[in-house]
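[1] Give me a model of this one.
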Amino acid sequence: LWWNDGFWWASMWHLASERFHIFRLDQGTQTWVDTGVPLDDRSGTRADTLWDAAAKKLYVASHVFSESPASGSPARLYRYRYNAGTDTYTRDAGFPVTINNFRTETLVIDKDSSGQLWATWVQGGKVWVNRSLCTPVCNDASWGAAFALPTAAVKSDDISSLIAFAGNRVGLMWSNQDDWTFGFAIHPDGQADNVWALETAQSGTGLSDDHINLKTDSAGRVYAAVKTSKSSSNDPLTMLLVRQAGGGWSSHVFGTVSNDHTRPIVILDEAHGLVRMYATDSGSGGSIMEKTSPLRSISFAPGKGTPVITDADGAVNNATSTKQNSTPGSGVVLLAHSGNGL
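    Numbering: from 1, shown residues only. Okay, here's the model as predicted:
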């Protein structure tokens, strides 16, 4: 999802054409309206969307989903320009372009302060990165050769994510279920591709799993909704990790193993001084639950939280929302998957 020009928009599957389209939320009727603008025509894909308000450009990175990465399935980057007079998106000439040639579990993009686009994924036990080329002007349609970060080997089931933060840096987080860590790498904007400062966001037996969702605030702090692999009922299962602007990480429990949350995501609401977290209330699917906490002193109440998306059969899972922080104008909108195909 993304918020633009007073509307919520989404990449959603269009049944009649059997491809993804851009949809707009009619908030009066609470229904999604097909705009007819086509995105990826491959059914087995998942998208990460990035709205660049300054450039008035929409980026959609679409990859073939697989928990067993393999070559031969290109990840595509689409770019669209927005016409505020007609509330329409038009694909730019020359797109899509290829980010990589792999099917992967995840693919995440963001843009740094220089205008360079970054993408990350896990494949072959390594954390991979690619970026648009800036020689010297950044060109969204021209991408270099992908490279692996110098991290310890990870499992094929691990994932990575990234975020532009603090006005001049890109941060990349990955899970490692071999050494039970969440790592974090920082790249200063405009520096050489191999300049990365490596940190450990969290480490300890069972303290990592392949769930990561990132946000950043206006002070340059980074927030990571993550899941662990702990198994005792009082152990932390879902957590919020926070990196202070000057460095250093803290951890905050969202739910315990007994709460059985999964697929956590985080949304920041700086206008109201809140951090909002959402997660499914059962590992096999259930309802999407919400908990909030003051940003200044993060602490989540015990229990499962408040249900915000549910259905009669309790089969909802995989909540998703926007990269953007919420505002009084936008509010918060979530989507989730129903096991009933609704």
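
[2] Next, count neighbours for the spatially closest residue to D311 that is not a sequence neighbour.
    Closest residue to D311 apart from its sequence neighbours, by Cβ to Cβ, 6 or more residues apart in numbering: S338 at 5.7 Å. Placement of C-beta: from N, CA and C, glycine included. Residues lying near S338 (other Cβ atoms under 10 Å) number 16.

[3] swap in Y80?
    19.

[4] before we move on, back to that, wait, what's in contact with the residue nearest to D311?
    Contacts for S338 (Cβ atoms under 8 Å, 6 or more residues apart in numbering) come out as D311, A315, V316.

[5] same thing with F300?
    Contacts for F300 (Cβ under 8 Å, 6+ apart) come out as L240, H252, V253, F254, G255, M277, K291, T292, S293.

[6] What's the mean pLDDT across the longest strand seen in the chain?
    Longest strand of the chain, by residue count under DSSP state E: strand 70-83. Strand 70-83 carries an average pLDDT of 96.

[7] Please apply the same query to stretch 240-247.
    For stretch 240-247, the per-residue pLDDT averages 97.

[8] Please apply the same query to stretch 94-103.
    Mean predicted confidence for stretch 94-103 is 97.

[9] Same check on stretch 150-165?
    Per-residue scores along stretch 150-165 average to 96.

[10] Now do it: distance from first to last residue.
    21 Å (Cα to Cα, to the nearest Å).

[11] from the middle of its chain, how far away would it be?
    Relative to its chain's centre, stretch 150-165 lies at 13 Å (Cα atoms, centre = their mean, to the nearest Å).

[12] Tell me how far the residue most central in space within the chain lies from S68.
    Among the residues of the chain, the one closest to the centroid is N213, at 5.1 Å (Cα atoms, centre = their mean). Distance, N213 to S68, using Cβ to Cβ, to the nearest Å: 23 Å.

[13] before we move on, the earlier item: pull out the buried members of the contacts of F300.
    Buried members of the contacts of F300, counted by 16 or more other Cβ atoms under 10 Å: L240, H252, V253, F254, G255, M277, K291, T292, S293.

[14] I figured S66 hits T104, correct?
    Yes - distance between S66 and T104: 6.6 Å, which falls inside the contact criterion (Cβ atoms under 8 Å).

[15] ok, these two, which is more surrounded?
    Just comparing S66 and T104: by other Cβ under 10 Å the higher neighbour count belongs to T104, 25 against 15.

[16] Tell me the secondary structure at the nearest residue to L241 once chain neighbours are set aside.
    The shortest distance from L241 to any residue other than its chain neighbours is 4.3 Å, reached at A224 (Cβ to Cβ, 6+ apart). Classification of A224 using DSSP: H, G, I helix; E, B strand; the rest coil returns strand.

[17] Tell me who's in contact with A224.
    By Cβ under 8 Å, 6+ apart, the contact list for A224 reads M173, F182, A201, I212, N213, L214, L240, L241, V242, R243, V266.

[18] Give me the subset of these lying in strands.
    Among those, the ones falling in strands (DSSP E) are M173, F182, A201, I212, N213, L214, L240, L241, V242, R243, V266.

[19] ok so, going back, using PyMOL, define a selection of the buried residues within the contacts of S338.
    Command for PyMOL, covering only those of the contacts of S338 found buried under the criterion 16+ other Cβ under 10 Å:
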select buried, resi 315+316
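
[20] So which of the contacts of S338 belong to helices?
    Among those, DSSP state H puts none in helices.

[21] T90: which of the contacts of S338 is nearest?
    For the contacts of S338, the minimum distance to T90 (Cβ to Cβ) is 33.8 Å, reached by V316.

[22] mind checking pLDDT for the closest residue to the closest one other than its chain neighbours?
    Excluding the flanking residues, the one nearest V316 by Cβ to Cβ, 6+ apart is A336, at 4.9 Å. If you check A336, the pLDDT there is 94.

[23] I appreciate the help and will end here.
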